[in-house]
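> Quick one: sequence and predicted model below, then my questions.
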Amino acid sequence: MLTMIIRIFVLVLPFFVITQTQVQAQDSDFQYQKTEVKGAISVLHGAGGNIGVLQGDDGLLVIDDGFVFNSGQLESALAAYGDAPRYVLNTHWHGDHTGGNAALGEATIVAHENVRIRLAAGSTVPGREAEPAPQAALPDFTYKEGMSIHFAGQEISAVHFPVGHTDGDSVIFFEPAHVVHTGDLFFSGAFPFIDPDSGGSVAGYTANVAAIIALLDNDTVIIPGHGPVSTLDDLKGFQNMILETTAAVRAFKADGKSLEEAQAQGLSEEWVGWGDGFINHPRWISILWSGTD
Ligand SMILES: [Zn+2]
């Protein structure tokens with residue numbers, strides 16, 4: 001029975017995650033907000049994953065492209081730059097990061113090979129069965145470990161990180177700008193979603209966050225998958241939250257508590273505000289519960 005309850009929690013989770021953001025983003029008044037990041041790099045945010053934009057002399061390089069139902073708003077927001085998208089990079093396959101691919105299909109779409117495989121096959125996230133993506137939405141170029149694009153005076157390196165948020169996560173590094181887009185390996189100031197149905201794992205996610213931190217320094221400007229433009233200290237705070245809440249869940253288990261008892265008791269006051277995003281406290285506890293020994 002307990003296993004079944006846990007399973008139900010895991011199964012319905014993505015449904016709630018998606019519907020909550022859909023409600024916000026389908027508002028007809030919705031518009032993307034632009035924030036300057038550094039040099040020619042900016043970010044569009046307000047619905048779905050953060051959209052990174054690098055403006056060159058002859059086009060745009062776009063990282064992730066929001067929900068499919070915000071494609072019109074995205075095209076308007078990109079048109080305001082006065083240049084057309086030339087490259088689109090996807091940090092992973094989730095629909096709040098790749099939904100605009102078809103609308104931007106004239107550009108060259110680049111992603112890890114598992115992004116293409118999952119988009120082509122359709123989603124298996126329970127509660128939200130996505131159809132196989134149209135041809136125009138599929139990445140044109142794929143890689144196993146990574147690749148670099150030289151554009152607008154930057155070397156933009158997409159680096160695959162193993163099993164974490166999904167099995168097709170990439171982190172995008174801009175040098176010499178010293179800017180990074182982490183995709184959903186970083187939810188700034190919020191509990192993250194980790195998707196085991198797409199090959200993600202709590203242990204892998206935690207290891208990837210540590211690996212990313214080791215590659216950055218205090219001058220790096222970080223565009224997270226969700227949340228405001230951040231610093232290395234913010235990412236370290238996120239790592240600390242994962243480690244401490246994982247330890248708390250392990251302690252619940254060691255005390256012989258059930259998932260429901262752990263959720264009823266909750267996490268330390270310290271993490272109160274972290275549950276205000278997509279993933280609230282009970283859901284974060286259930287993610288950790290199913291992902292830890
Ligand atoms: Zn995601």
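Thanks, I have the structure now.

> Grab the nearest non-local neighbour of the residue of the stretch 151-293 of the chain at minimum distance from the ion.
Per Cβ to the ion, Asp184 is where the stretch 151-293 of the chain lies closest to the ion, at 3.7 Å. The C-beta positions use only the backbone N, C-alpha and C, and glycine is treated the same way. Leaving aside its chain neighbours, Asp184 sits nearest to Gly225 (3.6 Å; criterion: Cβ to Cβ, 6 or more residues apart in numbering).

> Next, count neighbours for that neighbour.
Using other Cβ atoms under 10 Å, Gly225 has 26 neighbouring residues.

> ditto for Val110
Residues near Val110, counting by other Cβ under 10 Å: 24.

> Quick check: which helices or strands does the helix or strand hosting it pack against?
Counting by DSSP states H and E, the element that carries Val110 is strand 108-112. Helices and strands touching strand 108-112, by 3 or more Cβ pairs under 8 Å, 6 or more residues apart in numbering; DSSP states H and E, are strand 85-89, strand 141-143, strand 154-161, strand 169-175.

> now the ones you listed in a markdown table, with distance to Leu54, mean pLDDT and mean neighbour count?
Output for the helices and strands packed on strand 108-112, formatted as a markdown table (distance: least, Cβ to Cβ, whole Å; pLDDT from 0 to 100; neighbours: other Cβ atoms under 10 Å):
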| stretch | distance to Leu54 | mean pLDDT | mean neighbour count |
| --- | --- | --- | --- |
| strand 85-89 | 9 | 98 | 24 |
| strand 141-143 | 17 | 98 | 16 |
| strand 154-161 | 6 | 98 | 20 |
| strand 169-175 | 7 | 98 | 24 |
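
> So which residues on the chain come close to the ion?
With the criterion set to Cβ under 5 Å from the ion, the chain comes near the ion through 94, 184.

> Kindly recompute the last result at 6 Å.
Counting by Cβ under 6 Å from the ion, the chain comes close to the ion at 92, 94, 97, 165, 184.

> Ile213 is in contact with Lys236, isn't it?
Yes - assessed by Cβ atoms under 8 Å, Ile213 is found in contact with Lys236 at 6.3 Å.

> Tell me the confidence at His165?
On the pLDDT scale, His165 is placed at 96.

> Touching, it and Phe186? I think so.
No - the criterion here is Cβ under 8 Å, and His165 misses it with Phe186 at 9.4 Å.

> Name the residues contacting each of those two.
192, 225 (Cβ atoms under 8 Å, 6 or more residues apart in numbering).
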